[in-house]
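Engineer: here's a sequence, model it:
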Amino acid sequence: LNFQSWHVVIKFGAEQHAKPGHGEFGSVLKTGFLIDITTAVLGAITAILMIPLAARWLEWDHEMTNAAYLFGAAILFHVSGTPVGVLRILRKFGIYIRQTMLGSALKSVLVLLVWLNDGSFIHYAIALVAAESLRHLLLFASAIRVAHGNGYRVFSAPWFSDWKSFLGFAVWTNLKASIL
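Structural biologist: Numbers count the residues shown, from 1 in each chain. Got it, this is the predicted structure:
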């Protein structure tokens, strides 16, 4: 479960960023972050509500079910679409690349530590979720820092005036990506 808002942020954000005074760029980012946070919450709730059904149907044991709950809750941290768009538009995509590499390295180190300590399946799940969640949080914080460093006060910006087109494009783009 992952809503790809970066397509929308790049389309609408690039248009606004190109305008004199950068138009409503901060407002586009605010709307994108709201969509990311909302879809992360909805995705986590959906995943967590579906786990009992999946556990019964697939005959999961207690440990597998707990790991599934952990991964479901981790969806709350999947707020990376708008940050990716921000970093691309503001030409700071190297931050995303470095954080992805750092996240992979952290994940490898944590998994190695679990292995060296004869960890159980749930310990591996905790290591993976911790590394991914931290990576997503750092990406979110970095995008906010870059936006603020470029003079955009994302959360105090007004809402994007063309939010209906923004939301419509977001929904259709994600439906298309899900179906194809």
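Engineer: which other residues reach whichever strand or helix holds Glu15?
Structural biologist: Under DSSP states H and E, the secondary-structure element containing Glu15 is helix 6-17. By Cβ atoms under 8 Å, 6 or more residues apart in numbering, the list of residues contacting helix 6-17 from outside reads 22-25, 27-29, 32, 35, 80-82, 84-86, 88-89, 160, 162, 165-166, 169-170, 173. Placement of C-beta: from N, CA and C, glycine included.
Engineer: go again with 7 Å.
Structural biologist: Here helix 6-17 makes contact (Cβ atoms under 7 Å, 6 or more residues apart in numbering) with 22-25, 28-29, 32, 81-82, 84-86, 88-89, 166, 169-170, 173.
Engineer: pLDDT averaged over that helix, what's the number?
Structural biologist: Taken as a whole, helix 6-17 has a mean pLDDT of 88.
Engineer: which parts of the next helix or strand after that helix are buried?
Structural biologist: Scanning the chain past helix 6-17 towards its C-terminal end, the next helix or strand to appear is helix 25-58 (assignment: DSSP H and E). Of the residues in helix 25-58, those with enough neighbours to count as buried (16 or more other Cβ atoms under 10 Å) are 25-36, 39-40, 43-44, 47-48, 51, 55.
Engineer: ok and helix 25-58 relative to helix 6-17, angle-wise?
Structural biologist: Using axes from the mean of the first three to the mean of the last three Cα atoms, to 10 degrees, the inter-axis angle of helix 25-58 relative to helix 6-17 is 180 degrees.
Engineer: C-terminal to helix 25-58, what's the next element?
Structural biologist: Using DSSP H and E, the helix or strand that follows helix 25-58 towards the C-terminus is helix 62-74.
Engineer: Gly26: what's its closest spatial neighbour, skipping adjacent residues?
Structural biologist: The shortest distance from Gly26 to any residue other than its chain neighbours is 3.5 Å, reached at Ala157 (Cβ to Cβ, 6 or more residues apart in numbering).
Engineer: residue contacts, the one you found?
Structural biologist: Gly26, Ser27, Lys30.
Engineer: one more: Thr31?
Structural biologist: Thr31 makes contact with Trp159, Phe160, Trp163, Phe166, according to Cβ under 7 Å, 6+ apart.
Engineer: show me what contacts the third one?
Structural biologist: Contact partners of Trp163, counting by Cβ under 7 Å, 6+ apart, are Thr31.
Engineer: just to revisit the earlier point, of the contacts of Thr31, buried ones?
Structural biologist: Buried by 16+ other Cβ under 10 Å: Phe160, Trp163, Phe166, out of these.
Engineer: would you turn those into TSV with pLDDT, secondary structure and distance to Val114?
Structural biologist: Below are these laid out as TSV (pLDDT from 0 to 100; DSSP: H, G, I helix; E, B strand; the rest coil; distance: Cβ to Cβ, whole Å):
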residue	pLDDT	secondary structure	distance to Val114
Phe160	86	coil	43
Trp163	85	helix	44
Phe166	84	helix	42
